[in-house]
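In: The amino acid sequence is not available; the structure is as follows:
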Ligand SMILES: Nc1ncnc2c1ncn2[C@@H]1O[C@H](COP(=O)(O)OP(=O)(O)OP(=O)(O)O)[C@@H](O)[C@H]1O
Ligand SMILES: Nc1ccn([C@H]2C[C@H](O)[C@@H](COP(=O)(O)O)O2)c(=O)n1
């Protein structure tokens, strides 16, 4: 008898829509593993900055990506044994990650790594192409979004809480540009595919978003 595949819930959406917050909590409620795929692209950007690499050099970026050792431990992200958690969450790293993520060779290297997170009893994965490319057979796919001004408010508040000063107009512009780059690149663009359930959290708390997704999952998994 063949083994049942490890179930996956894929949550994709634009920056600061709340994917990470919601996906992590859904995983915790279910007792499943969690993959923040954006963190992997961010780590490539941090590795490139550490090595002084140009973000135009796809070949060197892909080599760096293949060679880097990563670990998520104690709520921190470790890159080649050094804590990269603070660099990881800056807006500059997010923008650089969006640039390196447009390279097919970088995406190919990260594909295998991402699939390696799929372990029993299940995986909740968030990103831009979780349902379309990395886990196309996911049992539940969600496109989670919110209006740009709402996302900008959330990101601004989040940055200020972390002591990272940012001007609101700059946050709006950074998100707008990042959305555009992530949605218009030729490989694995951010898109609401028809097999993903649409969830607009503009007027919704994170708790309500988590409850909605758990409800969808129960409906899907009932015999
Ligand atoms: N429904 C919600 N209502 C209000 N705030 C929310 C909601 N969902 C998430 N947030 C807050 O918005 C901020 C951004 O959320 P989060 O980092 O999870 O977004 P993200 O989509 O994973 O972003 P990125 O793709 O840039 O990593 C966080 O501070 C989070 O607590
Ligand atoms: N599956 C993914 C995840 C992330 N990216 C790129 C695009 C984002 O702008 C950047 C940072 O991601 P975030 O941490 O903000 O979710 O990484 C991608 O292309 N595919």
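Out: Structure received. The shown structure was predicted, so the numbers you read here are calculated from the model rather than taken from an experiment. Ligands and ions are numbered 1, 2, ... in the order given.
In: show me where pLDDT drops low in the protein?
Out: Confidence mapping of the chain against pLDDT under 70 gives the ranges 1-3.
In: Residue ranges of each domain in the protein, please.
Out: Domain assignment for the chain, taken from automatic domain parsing, gives 7-32+121-223, 38-120.
In: Let's have those domains in TSV, adding distance to ligand 2 and mean neighbour count.
Out: For glycine as for every other residue, the C-beta is placed from the backbone atoms N, C-alpha and C. Listed next are the domains of the chain as TSV, based on distance: least, C-beta to the nearest ligand atom, whole Å; neighbours: other C-beta atoms under 10 Å:
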stretch	distance to ligand 2	mean neighbour count
domain 7-32+121-223	3	18
domain 38-120	2	17
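In: how about the helices in this protein?
Out: In the chain, the helices defined using DSSP state H lie at 19-30, 37-51, 58-67, 85-88, 91-100, 104-115, 148-161, 168-184, 206-221.
In: Please list the residues outside the fifth one that contact it.
Out: Read that as helix 91-100. The contact list for helix 91-100 (C-beta atoms under 8 Å, 6 or more residues apart in numbering) reads 15, 38, 41-42, 44-46, 48-49, 55, 61, 65, 87, 106, 155, 159, 164, 166, 171, 174, 177-178, 181-182.
In: let's see 6 Å
Out: The contact list for helix 91-100 (C-beta atoms under 6 Å, 6 or more residues apart in numbering) reads 41-42, 44-45, 55, 61, 87, 106, 174, 178, 181-182.
In: thinking again about what came up before, of all the helices of the chain, which lies closest to residue 138?
Out: helix 206-221 (10.3 Å; C-beta to C-beta).
In: among the domains of the chain, which is nearest ligand 1?
Out: domain 7-32+121-223 (2.6 Å; C-beta to the nearest ligand atom).
In: May I see the helices of the chain organised as TSV, with distance to ligand 1 added?
Out: As requested, these are arranged in TSV below (distance: least, C-beta to the nearest ligand atom, whole Å):
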stretch	distance to ligand 1
helix 19-30	3
helix 37-51	5
helix 58-67	19
helix 85-88	10
helix 91-100	6
helix 104-115	15
helix 148-161	3
helix 168-184	8
helix 206-221	4
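In: Surely residue 14 and residue 179 touch.
Out: Yes - with contact defined as C-beta atoms under 6 Å, residue 14 counts as touching residue 179 (5.0 Å).
In: who touches both of those two?
Out: If you check residue 14 and residue 179 against C-beta under 6 Å, 6+ apart, no residue is contacted by both.
In: ok, back up a step: let me have the helices of the chain in a markdown table, extended by distance to residue 133.
Out: Output for the helices of the chain, formatted as a markdown table (distance: least, C-beta to C-beta, whole Å):
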| stretch | distance to residue 133 |
| --- | --- |
| helix 19-30 | 16 |
| helix 37-51 | 10 |
| helix 58-67 | 16 |
| helix 85-88 | 23 |
| helix 91-100 | 16 |
| helix 104-115 | 7 |
| helix 148-161 | 23 |
| helix 168-184 | 13 |
| helix 206-221 | 21 |
